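Enquirer: Sequence first, predicted model second:
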Amino acid sequence: MTAPAPEGALPFGIEIQVETGGWTGAGMPDLDALASRAASAAASIVEMATVPGSEVSMLFCDDATIRDLNNRFRGKDKATNVLSFPGDEPPEDGSVRPVGPLIGDIALAFETIRRESSELGIPFDDHLTHLIVHGLLHLFGYDHIFDEDAAVMEPLETRILATLGIADPYASATFAMDQ
């Protein structure tokens, strides 16, 4: 069991799958490095108790794929920026126990993230980093459906992103995560 991770250490591995060409090519970030950096920042602040050899899977896909996933698993027939699928349910009593070995899956949609970053006037890499952090927090039991939960999760995201030099994504009333 590890929690929280020392600076720069990850208490889990990251398996990356790139499904669509939009994520590759000139001007695109190194997804392995960006995901590791986001996960390391989150793990340095948030208690992420994992069993040895645990892993998070990240799917970098397009809007069509994420729309299908959103429809099948959430009953919402539309594209969204990020979806998280925990590998294990957190204990109902609120206690912390190690998760793993499959912590969960995160899917990220290229077109939606690109469009949102443009509309918000923020760098693509910063928005993508935020959404990876957001997805990881979901895997570790955080949520934002209810105001009380959002009051915990959103400041935590902001604090993690600040360690990476990324501005508070919730400072603008324009940005709201899809419920």
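Expert: In hand now; what should we look at?
Enquirer: Surely E55 and D105 touch.
Expert: No - taking C-beta atoms under 8 Å as the definition, E55 is not a contact partner of D105, at 9.9 Å. All C-beta spots, glycine's among them, are computed from the backbone N, C-alpha and C.
Enquirer: Pick out whichever of these two has more residues nearby.
Expert: More crowded of E55 and D105, by other C-beta atoms under 10 Å: D105, with 20 against 16.
Enquirer: Doesn't the more buried one lie inside a strand?
Expert: Yes - applying DSSP: H, G, I helix; E, B strand; the rest coil, one finds D105 inside a strand.
Enquirer: give me every residue that touches it.
Expert: By C-beta atoms under 8 Å, 6 or more residues apart in numbering, the contact list for D105 reads V56, S57, M58, L59, S84, F85, G87.
Enquirer: residue ranges of the strands in this protein, please?
Expert: Assigned by DSSP state E, the strands in the chain fall at 13-18, 55-61, 82-86, 102-109.
Enquirer: Kindly format the C-alpha coordinates of the longest one as PDB.
Expert: Meaning strand 102-109. The C-alpha coordinates for strand 102-109 follow below in PDB (Å, rounded to 0.1, in the frame of the first residue of the first chain):
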ATOM      1  CA  LEU A 102      -6.700  -2.600 -12.200                       C
ATOM      2  CA  ILE A 103      -7.400   0.900 -10.800                       C
ATOM      3  CA  GLY A 104      -9.500   1.800 -13.800                       C
ATOM      4  CA  ASP A 105      -9.800   3.200 -17.300                       C
ATOM      5  CA  ILE A 106      -9.900   6.800 -18.500                       C
ATOM      6  CA  ALA A 107     -11.000   7.700 -22.000                       C
ATOM      7  CA  LEU A 108     -10.200  11.200 -23.500                       C
ATOM      8  CA  ALA A 109     -11.800  12.600 -26.700                       C
END
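Enquirer: Which parts of the chain are helices?
Expert: 31-45, 63-74, 110-120, 124-139, 147-163 (DSSP state H).
Enquirer: circling back: now for the contacts of D105, which sits with the most neighbours around it?
Expert: Among the contacts of D105, V56 has the most neighbours (other C-beta under 10 Å), with 28 neighbours.
Enquirer: Identify the residue spatially nearest to that one, adjacent ones excluded.
Expert: Residue nearest to V56 in three dimensions, not counting chain neighbours: I103, with 4.8 Å by C-beta to C-beta, 6 or more residues apart in numbering.
Enquirer: for that neighbour, what are its contacts?
Expert: When contacts are counted by C-beta under 8 Å, 6+ apart, I103 touches F12, T50, S54, E55, V56, P86, G87, D88, L139, F140.
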